[in-house]
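> sequence first, then the predicted structure:
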Amino acid sequence: MRAKLEEIMSRVTIDTLEKLAFMFAYPDEDGEAQPKGSVVAGSVAFTGPFSGTLVVAMSIEVLQELAANMLGFDDDEETTEDHRSDALKETMNVICGNLLPAIAGNEVIFDIGVPGVLPSDQEMKIGAGIPDGLELSAKVNLDLDEGQCVLFLFLDGKIPKDVVSP
Amino acid sequence: MAINILIVDDSGVMRSMIKKTLRMTDVPLGIIHQAGNGREGLDVLGEQWIDLAIVDINMPVMNGEEMIDRMLEDPEMKKLPVIVVSTEGSKARIERLEHKGAVFIHKPFTAEVVRDTINSILGIEEGDES
């Protein structure tokens, strides 16, 4: 199940980054790559047939490019912290919104919470902000030209077998 | 005919993305108004001439579905074409919005999908854009 979740999470994220921001990400085959330098992380919780939290951490360089591309900025235009925060939250919202039906199909209903950016002192403590009792069920490392992006899916218990899309 | 459009989304980045995407289409654009939630969206609709509303669903203060419900109760607004742009993946929820007259575009979207949807909902045929 974990391998299937990670394959779906990888595919959905790559597709989202390409369509939202014309950014091309590739799965890190070794799964060892960690964002280097400054990292920004955020999370979005969801409830439904299964519940949990998606955490996304990315290099600041990836986030700068993401925000600039989403906004259609020219190379000489700089993004603000608000732009970057908003871009991360919207990207997490789109990834989560596409991930859940990719796992469970479109017959079930999920409620997705309001995405948030983790405080800077918690950036690399990936468990920070995750409610007790949630287990790490999938992790995906992606490489981009600008740096790395890592996704963590924390679930409250197991995914019921009858809701997994074939 | 220039089309005045109202974009309602709580994300400023997403509003900018939709605006940028609209400029990439051949749709003849008039004034593009923006609002951060359904309540603000209704206020703009009450004050400005709008030909098309592009509305997100999950927003604070007033969500997109409630905004559409309020529009349907208002004789001045009930016939305004509405496009919902959302990550919603539930077939039942999408069908519920469609029954309320909205046309659904899934995020992430392409400029072609936005153009084709606007042309279809406003009855613009290819070559009519200018």
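Perfect, I can see it now.
> which SSE is A:Gly42 in?
strand A:39-47 (DSSP states H and E).
> what's the next helix or strand after that strand packed up against?
Where DSSP H and E defines the elements, the next helix or strand beyond strand A:39-47 is strand A:52-59. Judged by 3 or more C-beta pairs under 8 Å, 6 or more residues apart in numbering or on different chains; DSSP states H and E, strand A:52-59 is in contact with strand A:39-47, helix A:81-104, strand A:147-155. C-betas here are computed from N, CA, C, even on glycine.
> mind redoing it with 6 Å?
Under the contact criterion of 3 or more C-beta pairs under 6 Å, 6 or more residues apart in numbering or on different chains; DSSP states H and E, strand A:52-59 touches strand A:39-47, strand A:147-155.
> which non-adjacent residue is nearest residue 93?
Picked chain A for this. A:Pro115 (5.2 Å; C-beta to C-beta, 6 or more residues apart in numbering or on different chains).
> please refer instead to chain B.
B:Arg93 sits nearest to A:Ile109 (C-beta to C-beta, 6+ apart), 6.5 Å away.
> before we move on, back to that, let me see the mean pLDDT of the strand holding A:Gly42.
The predicted model gives strand A:39-47 an average pLDDT of 93.
> what about the helices in chain B?
Secondary structure of chain B (DSSP state H): helices at B:12-24, B:38-47, B:64-73, B:91-99, B:111-122.
> dump these into TSV; add mean pLDDT as well.
Below are the helices of chain B laid out as TSV (pLDDT from 0 to 100):
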stretch	mean pLDDT
helix B:12-24	92
helix B:38-47	97
helix B:64-73	97
helix B:91-99	95
helix B:111-122	89
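> dump these to a markdown table, plus mean neighbour count and distance to A:Arg2.
Listed next are these as a markdown table, based on neighbours: other C-beta atoms under 10 Å in any protein chain shown; distance: least, C-beta to C-beta, whole Å:
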| stretch | mean neighbour count | distance to A:Arg2 |
| --- | --- | --- |
| helix B:12-24 | 19 | 32 |
| helix B:38-47 | 18 | 39 |
| helix B:64-73 | 19 | 35 |
| helix B:91-99 | 14 | 27 |
| helix B:111-122 | 16 | 33 |
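> looks to me like A:Asn141 is in a helix.
No. With DSSP: H, G, I helix; E, B strand; the rest coil as the criterion, A:Asn141 is strand rather than part of a helix.
> tell me which parts of chain A are close to chain B?
Residues of chain A lying close to chain B (C-beta under 6 Å from any C-beta of the partner chain) are A:16, A:19-20, A:70-72, A:86-87, A:90, A:94, A:97, A:101, A:106, A:109.
> next one: phi and psi at the residue with the largest distance to the centre of chain A?
Outermost residue of chain A with respect to the C-alpha centroid, by C-alpha atoms, centre = their mean, is A:Asp76; its distance is 27.4 Å. For A:Asp76, the backbone dihedrals (degrees, to the nearest 10) come out as phi -90, psi 0.
> low-confidence stretches in chain A?
Applying pLDDT under 70 to chain A flags residues A:31-35, A:121-132, A:162-166.
> if we go to 80?
Where chain A drops to pLDDT under 80, the residues are A:29-37, A:119-133, A:157-166.
> in chain B, which residue sits closest to chain A?
Sorted by distance to chain A under C-beta to the nearest C-beta, the residues of chain B start with B:Thr87, at 2.4 Å.
> which ones are touching the residue sitting nearest the centre point of chain B?
The residue lying closest to the centre of chain B (C-alpha atoms, centre = their mean) is B:Ile54, at 1.2 Å. By C-beta atoms under 6 Å, 6 or more residues apart in numbering or on different chains, the contact set of B:Ile54 is B:7, B:18, B:83, B:85.
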